[in-house]
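S.K.: quick check, what structure comes out for this input:
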Amino acid sequence: MEIRKMKICIAALAALSMCVAFAADGGKTVSLAEARGGIGDAISSPAAMEAAMKSLSAADQVAFLGEVNAAIAKRHASKEEKAAMFLKANAAALKAAKGGKGDMKALLAEVYATASVLSLTAINEKFADDLFNRAADPNKTYTDEQYTDIAVETLKAIVRRCDSADSSSVRDAFGLLMLVRASNGTPDTLTDRLLQELPEEDRKAAQEEWIPAALGRDGREKSYEPILSAAEAEAEPNLEVIIKIYGPQQIDSLLGDIVEGTPTLRPHVEEPTMQTPIDASMGTGGDGPGVPSPTPTPPVPPTPPYQSQVP
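M.R.: Numbers count the residues shown, from 1 in each chain. A predicted model of the protein is given here:
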């Protein structure tokens, strides 16, 4: 137990030193070769993963994420522990790219191409609920048409990247499932539309077996077993155990970053409500000095000038 605690402390200190070094470097971009030295820290600490990603160019971010996932795949751990490693590292990588120089579609495609198939069961659940949930950001509203366009373009990127990966059919279907779950049920034509983006030879199995089981449709009990069997993977890992290892995380909406730079897909952003400031002279009988208001004030109708009176 003491040795385990010592290892955790060493990993935390290493992650902290990496974050401090990055901050001191003023966000300077480093090469992929330099970042590779921190792969072990990136696996152990989401903070180290975020720091490493923020120090890389967009192209190197994708390559680094793929190498981190390859390293996790070689770790000796239970399937739940390993799935939690994949979930932590990939979620941290995507969060680091938020609002910055990262290519969210390319990074998400890399997740589905390089994370283990078993881990995609947990990644799908958390990504759909927290990171790419259509309603995660209350200030942004996506119409059904907008969300469908976003989902189609995202799945196209996933299918292109997974074409060269093992179990590509299953990986494509996992990507489709995440986007359908993140839609919160509308439009009801979304599944059929996304199925058209899968290779034709995979559509029947996805439509009749994998999707209904994974989403608990057609009276079926929700299960990833049919899709995992198609990949000849182990039995479905225990999601509750994975989430417990993953721990509480702050919800960070990333859906908007997929469409950054694509004005036609941008959601409606709610404007802040304009508030009328309190009259600065209130309570002073009107004699106190006026205090500038930090918020805009509505226009006040001009007061007619007083006319001079003859004594």
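
S.K.: please make it C-alpha for all contacts and neighbour counts, starting now.
M.R.: Noted.

S.K.: neighbours of residue 86, how many?
M.R.: Residues near residue 86, counting by other C-alpha atoms under 10 Å, number 28.

S.K.: from memory it sits against residue 71, does it?
M.R.: No: taking C-alpha atoms under 8 Å as the definition, residue 86 is not a contact partner of residue 71, at 10.0 Å.

S.K.: show me where pLDDT drops low in the stretch 201-311 of the chain?
M.R.: For the stretch 201-311 of the chain, the stretches with pLDDT under 70 are 260-311.

S.K.: any stretches of the stretch 1-150 of the chain with poor pLDDT?
M.R.: 1-27.

S.K.: which stretches in it count as helices?
M.R.: Under the criterion DSSP state H, counting those that start in this stretch, helices of the stretch 1-150 of the chain are mapped to 2-24, 32-35, 39-44, 46-54, 58-73, 79-97, 104-114, 119-126, 144-162.

S.K.: which residues touch the residue nearest the centre of the chain?
M.R.: Geometric centre of the chain, nearest residue: residue 131, 3.4 Å, by C-alpha atoms, centre = their mean. The contact partners of residue 131, taken as C-alpha atoms under 8 Å, 6 or more residues apart in numbering, are 251-255.

S.K.: who wins on neighbours among the residues you listed?
M.R.: residue 255 (24 neighbours).

S.K.: quick check: that one touching residue 129?
M.R.: No: Residue 255 sits out of contact with residue 129 when judged by C-alpha under 8 Å, with a separation of 11.5 Å.

S.K.: domain assignment for the chain?
M.R.: Domain assignment of the chain by automatic domain parsing yields the ranges 1-76, 81-97+104-267.

S.K.: out of those domains, deepest packed?
M.R.: Stretch with highest mean neighbour count among those: domain 81-97+104-267 (a mean of 19; mean count of other C-alpha atoms under 10 Å).

S.K.: so what's the gap between that one and the chain middle?
M.R.: 11 Å (C-alpha atoms, centre = their mean, to the nearest Å).

S.K.: shift numbering so it begins at 823
M.R.: Okay, using 823 as the starting number, the last item reads as domain 903-919+926-1089.

S.K.: now residue 1036: how far from residue 945?
M.R.: 13 Å (C-alpha to C-alpha, to the nearest Å).

S.K.: residue 932 is in contact with residue 916, correct?
M.R.: No: in this structure residue 916 lies outside contact range of residue 932 using C-alpha under 8 Å: 10.5 Å.

S.K.: which residue ranges of the stretch 1023-1133 of the chain form strands?
M.R.: 1090-1091 (DSSP state E, counting those that start in this stretch).

S.K.: which stretches in it count as helices?
M.R.: 1033-1037, 1047-1052, 1061-1068, 1077-1080.

S.K.: quick one, which of these gets closest to residue 959.
M.R.: Comparing those against residue 959 with C-alpha to C-alpha, the closest turns out to be helix 1077-1080 (8.8 Å).

S.K.: who does that closest one touch, helix- and strand-wise?
M.R.: If you count contacts as 3 or more C-alpha pairs under 8 Å, 6 or more residues apart in numbering; DSSP states H and E, helix 1077-1080 packs onto helix 926-936.

S.K.: check which helices and strands the helix it packs on is in contact with.
M.R.: helix 880-895, helix 901-919, helix 966-984, helix 990-1004, helix 1077-1080.

S.K.: show me what contacts residue 879?
M.R.: Counted by C-alpha under 8 Å, 6+ apart, residue 879 has contacts 851-852, 923-924.

S.K.: looking at those, which is nearest residue 1064?
M.R.: residue 924 (27.2 Å).

S.K.: is the closest one in contact with residue 882, as I believe?
M.R.: No: using C-alpha under 8 Å, residue 924 is not in contact with residue 882; the gap is 9.5 Å.

S.K.: the closest residue in space to residue 980 that isn't next to it in sequence and residue 1043, how far apart?
M.R.: Computed as C-alpha to C-alpha, 6 or more residues apart in numbering, the closest residue to residue 980 that is not its neighbour in sequence is residue 931, at 4.3 Å. Applying C-alpha to C-alpha, the value for residue 931 to residue 1043 is 28 Å.

S.K.: quick one, what contacts the closest residue to residue 868 other than its chain neighbours?
M.R.: Leaving out its chain neighbours, the residue that sits closest to residue 868 by C-alpha to C-alpha, 6+ apart is residue 914, at 5.4 Å. By C-alpha under 8 Å, 6+ apart, the contact set of residue 914 is 868-869, 871-872.

S.K.: just residue 936 next, same as before
M.R.: Here residue 936 is in contact with 888, 891-892, 987 (criterion: C-alpha under 8 Å, 6+ apart).

S.K.: same deal with residue 1031?
M.R.: Neighbours of residue 1031 in contact, by C-alpha under 8 Å, 6+ apart: 1048-1049.
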